[in-house]
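J.: compute the structure for the input listed below.
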Amino acid sequence: MKIRRSFLGLLALTLACGACQKKADSLSLLVWEGYADASFVRPFEEAHHCKIVASYMGSSDELVAKLRGGSASNYDVISPSSDVAASITRAGLAAPLDLSKVPSYNQLSQKLRDMPLVKANGHVYGVPFMWGPNPLLYDTTAFAQPPDSWTIFWDPKYKQKISVWDDLSTLYMAAQVLGFDKPDPSQLYNLNDEQLAAVKKKLIELKPNIRKIWSTGGELTNLFQNHEIVLAMGWPLNTNDLMKLNFPIGETIPKENTTGWIDHLMITSASSHKDLAQAFLEYMIEAKTQKLVADRTHYTPANPLAAQFLSSEEVKVLHLDNPDAYMQRIYFWQDVPRRAKYNEIWNEVKAAQ
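T.: So this is what the prediction gives:
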């Protein structure tokens, strides 16, 4: 009997130790750079006893390719922009949200919530997260005045001194220079063959001035920091990072205006951690967290209540004082029905000598 009790005690101790060593849940993200910074991710990990594992995408097309390529089950949370959020919803790649578990949803900008990008069949499939422009970035030491037009990219004096993004937004920018956004900016996302041919010709003419086509935000930051370029289409994240490095960076929206994005957080339909993922979405759109994300990225929060945690100057810089006026200068990315054709044109531009 004594031996039996000893055996049972040992078994109980073994099971207890096994429970102690149980691996914490892991939440896998596929998001834009800056969206999984330790400054705001770590408090969630500690509160929920989990581990956040983030992978970063360089373009919307990369995100869609990974989701459609059979690796969707590798990710729980994604941050699609407004150009692909609707197609991800339509394709059944995202799970419908239980908004009762995301109470901060009702605090988000009404204008952003009203957009039909992530709504279908009476369900909501994503939450607006952050938004912003694709601004013109420049080395302030190279210009007496801020550049006021995208056309400066084609100035011969900047040979090998500019960089553009490996993304369809570079096509949109060239289309703006050609005036294809007049009178309807949505035409940028519905260019016909003749217009796309003109965009291709315009961008091939730009190639002598291109030092490098960047694919990650860190890559563009390094190009400026190493004084390889003086002009680029970039992200506010680059401006923020370069300012922290005391680099003389300037950011502006040219007279042609610019394109931009509304990033959403969505849970993949293949996720095996949907409850934890919903808790993460709620945390990420809470006003305090939105402030921390803005600190890291320099993007504008979807939750306007984040303003209460920002200085008056920060509120102004992030355009939370008058977001509607700022949005008028940004032609937010839309679904591109002929996306394959756009990518074909962009690849031909990159391959051109």
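J.: all strands of this structure, in order?
T.: 25-31, 50-56, 77-78, 119-120, 123-124, 126-133, 136-139, 162-165, 210-214, 231-233, 249-252, 258-267, 300-301, 330-332 (DSSP state E).
J.: for these, which one sits closest to L203?
T.: Nearest to L203 among the strands of the chain is strand 162-165 (8.2 Å), distances taken as Cβ to Cβ. Every residue, glycine included, has its C-beta placed from N, CA and C.
J.: domain parsing for this protein?
T.: 23-131+261-331, 133-259+334-351 (automatic domain parsing).
J.: gap between I330 and W346?
T.: As judged by Cβ to Cβ, to the nearest Å, I330 and W346 stand 21 Å apart.
J.: and for L220?
T.: Distance from L220 to W346, by Cβ to Cβ: 17 Å.
J.: more crowded one of the two?
T.: Shown here are L220 and W346; by other Cβ atoms under 10 Å, L220 has more neighbours (25 against 22).
J.: ok, the more buried one - contacts?
T.: L137, S163, W165, W214, A232, G234, W235, N238 (Cβ atoms under 8 Å, 6 or more residues apart in numbering).
J.: which one of these is nearest to A198?
T.: Of the contacts of L220, the one sitting nearest to A198 (Cβ to Cβ) turns out to be W165, at 20.0 Å.
J.: please name the bridge partners of that closest one.
T.: W214 (DSSP bridges).
J.: contacting residues for it?
T.: Applying Cβ under 8 Å, 6+ apart, the residues near W165 are N134, I213, W214, S215, L220, M233, G234.
J.: which of these are buried?
T.: Neighbour counting over the contacts of W165 (16 or more other Cβ atoms under 10 Å) leaves N134, I213, W214, L220, M233, G234 as the buried ones.
J.: in those residues, find the pair that's most separated.
T.: It's N134 and I213 that sit farthest apart of these, by Cβ to Cβ, at 14.4 Å.
J.: contacting residues around stretch 111-128?
T.: Applying Cβ under 8 Å, 6+ apart, the set of residues contacting stretch 111-128 is 80, 82, 85-86, 88-90, 94-97, 99, 102, 105, 108-109, 131, 262-266, 281, 285, 302, 323-324, 327.
J.: one step back: dump the contacts of L220 to CSV, plus pLDDT and distance to K316.
T.: As requested, those are exported to CSV (pLDDT from 0 to 100; distance: Cβ to Cβ, whole Å):
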residue, pLDDT, distance to K316
L137, 98, 20
S163, 98, 29
W165, 97, 27
W214, 98, 29
A232, 98, 24
G234, 97, 21
W235, 97, 20
N238, 97, 20
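J.: show me the two of the residues you listed that sit farthest apart.
T.: Top of the distance list for the contacts of L220 (Cβ to Cβ): S163 and W235, 12.2 Å.
J.: which one's more surrounded, these two?
T.: Legend: neighbour count by other Cβ under 10 Å for S163 and W235, higher for W235 (27 against 24).
J.: show me the contacts for the more buried one.
T.: Counted by Cβ under 8 Å, 6+ apart, W235 has contacts G132, N134, P135, G217, L220.
J.: coming back round to it: closest to D184 among the buried ones among the contacts of W165?
T.: Closest to D184, out of all of the buried ones among the contacts of W165 and judged by Cβ to Cβ, is N134, at 19.2 Å.
J.: so that closest one makes contact with G260?
T.: Yes. Counting by Cβ atoms under 8 Å, G260 is a contact partner of N134 at 5.9 Å.
J.: below-threshold pLDDT in the stretch 51-200 of the chain: ranges please.
T.: Residue ranges of the stretch 51-200 of the chain with pLDDT under 70: 72.
J.: swap the cut-off to 90 and go again
T.: 68-73 (pLDDT under 90).
J.: returning to what we had before: so which of the strands of the chain is nearest L67?
T.: Taking the strands of the chain one by one with Cβ to Cβ, strand 77-78 is closest: 7.3 Å.
J.: residues contacting that closest one, please?
T.: Residues contacting strand 77-78 (Cβ under 8 Å, 6+ apart): 27-31, 63, 67, 88, 94, 265-268, 271, 277, 280-281.
J.: so what are the sheet partners of that strand and their directions?
T.: Strand pairing (DSSP bridges) places strand 77-78 next to strand 25-31 (parallel), strand 258-267 (antiparallel).
J.: can you show me the CA trace of the first one as CSV?
T.: Read that as strand 25-31. What follows is strand 25-31, C-alpha atoms only, in CSV (Å, rounded to 0.1, in the frame of the first residue of the first chain):
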residue,chain,number,x,y,z
ASP,A,25,0.0,30.4,-26.3
SER,A,26,1.6,32.0,-29.3
LEU,A,27,-0.1,34.6,-31.5
SER,A,28,1.3,34.9,-35.0
LEU,A,29,1.1,38.2,-36.8
LEU,A,30,1.7,39.2,-40.5
VAL,A,31,1.7,42.9,-40.4
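J.: quick check: buried residues in it?
T.: Those would be L27, S28, L29, L30, V31, for strand 25-31 by 16+ other Cβ under 10 Å.
J.: which residues touch the second one?
T.: With contacts defined as Cβ under 8 Å, 6+ apart, S28 is in contact with V53, A54, S55, N74, Y75, D76, V77.
J.: is it in a bridge, and if so with what?
T.: V53.
J.: what's the pLDDT at it?
T.: What the model reports as pLDDT for S28 is 97.
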